[in-house]
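[1] Got a predicted model here, sequence first, then my questions.
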Amino acid sequence: MAEIVNLRRYRKKNARERAEQTAAARRLEFGRTKVQREAERTAERLGAAALDGHLRIREDET
């Protein structure tokens, strides 16, 4: 005799499993550690400061 399966529960379970697989793949692809994020922010700030240091402001623009 076959086992009775609740289709609603079965669909929800499958949806959760697929969502977890997608999330795991995205974590591997896009995930960064806190140290990596902070290093990137620091590099951006230093780059912006270097660019701002080279700006020439004309006297007629101020």
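    Great, that's in hand.

[2] So what's the residue count around L51?
    9 (other Cβ atoms under 10 Å). Every residue, glycine included, has its C-beta placed from N, CA and C.

[3] what do you get for T33?
    8.

[4] Could you do R27 as well?
    When neighbours are counted by other Cβ under 10 Å, R27 comes out with 9.

[5] cool, and K34?
    For K34, the neighbour count with other Cβ under 10 Å is 7.

[6] Distance check, it against R41.
    K34 sits 11 Å away from R41, going by Cβ to Cβ, to the nearest Å.

[7] Pull up the overlap in contacts between those two.
    Residues touching both K34 and R41 (Cβ atoms under 8 Å, 6 or more residues apart in numbering): none.

[8] Give me the next element, helix or strand, following the biggest helix by length in the chain.
    Longest helix in the chain, counting residues (DSSP state H): helix 7-30. From helix 7-30 onward toward the C-terminus, using DSSP states H and E, the following helix or strand is helix 34-53.

[9] for that next one, which positions count as buried?
    Across helix 34-53, burial judged by 16 or more other Cβ atoms under 10 Å covers no residue at all.

[10] Please save the CA atoms from that helix in PDB.
    Extracted in PDB, the C-alpha atoms of helix 34-53 (Å, rounded to 0.1, in the frame of the first residue of the first chain):
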ATOM      1  CA  LYS A  34      33.900  41.600   7.100                       C
ATOM      2  CA  VAL A  35      37.700  42.200   6.700                       C
ATOM      3  CA  GLN A  36      37.300  42.200   2.900                       C
ATOM      4  CA  ARG A  37      34.400  44.700   3.000                       C
ATOM      5  CA  GLU A  38      36.400  47.000   5.300                       C
ATOM      6  CA  ALA A  39      39.500  46.800   3.200                       C
ATOM      7  CA  GLU A  40      37.400  47.700   0.100                       C
ATOM      8  CA  ARG A  41      35.900  50.700   1.900                       C
ATOM      9  CA  THR A  42      39.300  51.900   3.000                       C
ATOM     10  CA  ALA A  43      40.700  51.600  -0.500                       C
ATOM     11  CA  GLU A  44      37.700  53.600  -1.900                       C
ATOM     12  CA  ARG A  45      38.200  56.300   0.700                       C
ATOM     13  CA  LEU A  46      41.900  56.500   0.000                       C
ATOM     14  CA  GLY A  47      41.200  56.700  -3.700                       C
ATOM     15  CA  ALA A  48      38.700  59.400  -3.300                       C
ATOM     16  CA  ALA A  49      41.000  61.400  -1.100                       C
ATOM     17  CA  ALA A  50      43.800  61.100  -3.700                       C
ATOM     18  CA  LEU A  51      41.500  62.300  -6.400                       C
ATOM     19  CA  ASP A  52      40.200  65.200  -4.300                       C
ATOM     20  CA  GLY A  53      43.800  66.200  -3.500                       C
END
